[in-house]
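S.K.: below are the sequence and a predicted model; questions follow.
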Amino acid sequence: MRVLGLSELEESVYRHFLRNPDTTDGDIHLLLRADRGTVAAAEARLRELGLLYATDRQTVSPTDPAIAVDRLTDLRLRELHQELQEVTRSRHLVAELREEQCPALASPQSVERMENVAQIRGRIYDLAFFAREEILSVEPYTALTPENIEHSRPLDMRCLSRGVRIRNVVLLGALDDPPTAGYLRELAAKGAQIRAVPDLSERILVYDRRTALVPIDPEDTSRGALVAQETGLVSGILALFEKIWCHATDLSAITADAEESPDGLAETELQVLKSMCHVGKDEIGARDLGMSVRTYRRHVADLLRVLGASSRPHAALLARERGWI
């Protein structure tokens with residue numbers, strides 16, 4: 001139970017009373033071969049945590065293990081959350097420590113070149129994980145793979161849940177891919193601002209308006225990326241982002257028109273929609289359409305989001321009302 005914040009002695013005391021409930025604590029220090037005062041302190045902390053309690057008969061009983069573990073887990077999670085908040089607030093230490101640095105050495109690298117893909121992904125993860133205010137991105141992809149989506153979802157949702165503002169510009173063509181469009185709508189539903197443009201070549205990532213990441217070669221992202229923290233460079237990249245943002249169309253305005261007609265659905269989505277309304281089992285529908293069950297269910301989930309339906313029968317009803325099937 002050390003991972004939950006109990007010392008070895010405290011755990012021993014708790015386990016003793018689990019084995020011997022409703023007993024006194026007079027000679028427990030002898031059984032545990034420990035100092036009386038140390039055992040008394042451990043018992044006092046267990047009482048404070050609510051893991052032990054005194055009975056009317058002047059004996060000691062343990063709290064049920066399920067309740068005990070829940071209490072310790074909740075307490076530990078709160079402690080870890082506070083520690084994480086302190087860590088994310090510690091960036092000001094960089095400036096303070098640099099003031100102490102020898103002037104001859106205080107010349108931080110304002111632009112970092114990274115050519116290793118794993119290193120770039122790690123830096124992106126760290127920058128997003130510790131972002132506190134805003135994440136801006138311009139991404140000219142036409143489709144996200146299921147792996148891309150599953151990798152991005154936890155971090156994106158965590159940022160949004162912490163109140164980090166996300167503004168993202170994508171290619172209009174990306175909305176033709178059902179999984180990609182579904183994921184973008186999912187982000188928008190959680191508070192992200194998504195816009196699209198018909199033509200796009202820039203790739204931009206900016207975190208908290210202080211750190212920017214751009215590819216070394218926009219035509220070949222495998223060559224690596226540049227991470228810039230130089231104020232002048234970041235300001236220029238921010239200006240470019242705002243220009244692209246101003247000329248982009250909000251996702252809600254695009255999907256509003258698409259959702260009014262079956263033309264807004266890809267052919268595959270239409271096939272899945274018809275199958276979903278007439279076939280009882282996903283396995284049969286997937287087999288009929290020549291796709292995996294997992295892919296079939298992903299399309300179903302996207303259709304539910306497009307239609308704004310709470311269930312499959314509800315989706316079928318809305319599709320019929322719109323004359324899609």
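M.R.: Right, received. Where do you want to start? Since the structure is predicted, the reported quantities are computational estimates derived from the model, not experimental observations.
S.K.: mind checking how far the helix ranked longest in the chain is from the chain centre?
M.R.: Across the chain, the helix with the greatest residue count (assigned by DSSP state H) is helix 65-88. Averaging C-alpha positions (C-alpha atoms, centre = their mean, to the nearest Å) puts helix 65-88 19 Å from its chain's average.
S.K.: tell me what that helix is packed against?
M.R.: helix 36-49 (3 or more C-beta pairs under 8 Å, 6 or more residues apart in numbering; DSSP states H and E). Heads up, the C-betas are built off the backbone N, CA and C, glycines and all.
S.K.: partners of the helix or strand following the helix it packs on, with directions?
M.R.: Using DSSP states H and E, the helix or strand that follows helix 36-49 in sequence is strand 52-54. Strand pairing for strand 52-54, determined by DSSP bridges: strand 60-62 (antiparallel).
S.K.: can you list contacts of the partner strand?
M.R.: With contact meaning C-beta atoms under 8 Å, 6 or more residues apart in numbering, strand 60-62 is reached by 14, 17-18, 21-25, 43, 51-55, 68.
S.K.: then stretch 312-321?
M.R.: Residues outside stretch 312-321 that contact it (C-beta under 8 Å, 6+ apart) are 273, 276-277, 300, 303-304, 307-309, 325.
S.K.: of the residues you listed, grab the buried ones for ChimeraX.
M.R.: To isolate the buried members of those in ChimeraX, using 16 or more other C-beta atoms under 10 Å:
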select :273,276,277,300,303,304,307,309
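S.K.: can you check the pLDDT for the residue nearest to Val13 when sequence neighbours are not counted?
M.R.: Among residues not flanking Val13 along the chain, Ala42 sits closest, at 5.0 Å (C-beta to C-beta, 6 or more residues apart in numbering). On pLDDT, Ala42 comes in at 89.
S.K.: also Ala95?
M.R.: Reported pLDDT for Ala95: 59.
S.K.: in which helix or strand does Met297 reside?
M.R.: Not Met; residue 297 is Arg. Assigning secondary structure by DSSP H and E places Arg297 in helix 293-307.
S.K.: turn the contacts of stretch 312-321 into JSON lines, including pLDDT and distance to Leu251.
M.R.: Listed next are the contacts of stretch 312-321 as JSON lines, based on pLDDT from 0 to 100; distance: C-beta to C-beta, whole Å:
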{"residue": "Leu273", "pLDDT": "84", "distance to Leu251": "21"}
{"residue": "Met276", "pLDDT": "82", "distance to Leu251": "24"}
{"residue": "Cys277", "pLDDT": "81", "distance to Leu251": "26"}
{"residue": "Val300", "pLDDT": "84", "distance to Leu251": "21"}
{"residue": "Leu303", "pLDDT": "81", "distance to Leu251": "17"}
{"residue": "Leu304", "pLDDT": "82", "distance to Leu251": "17"}
{"residue": "Leu307", "pLDDT": "76", "distance to Leu251": "16"}
{"residue": "Gly308", "pLDDT": "78", "distance to Leu251": "14"}
{"residue": "Ala309", "pLDDT": "79", "distance to Leu251": "19"}
{"residue": "Ile325", "pLDDT": "73", "distance to Leu251": "25"}
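S.K.: closest to Leu72 out of the contacts of stretch 312-321?
M.R.: Leu304 (39.0 Å; C-beta to C-beta).
S.K.: give the contact list for that closest one.
M.R.: Counted by C-beta under 8 Å, 6+ apart, Leu304 has contacts 310-312, 315.
S.K.: you'd agree the residue nearest to Val13 is up against Glu10?
M.R.: Yes: Ala42 is in contact with Glu10 according to C-beta atoms under 8 Å; the separation is 4.5 Å.
S.K.: Gln271 - how many residues pack around it?
M.R.: 17 (other C-beta atoms under 10 Å).
S.K.: likewise the one 3 residues further on?
M.R.: Residues lying near Lys274 (other C-beta under 10 Å) number 16.
S.K.: residue contacts, it?
M.R.: Taking C-beta under 8 Å, 6+ apart, one finds Ile325 in contact with Lys274.
S.K.: and it, its phi and psi?
M.R.: phi -60, psi -40 (degrees, to the nearest 10).
S.K.: got a pLDDT number for it?
M.R.: If you check Lys274, the pLDDT there is 85.
S.K.: perfect, I'm done here.
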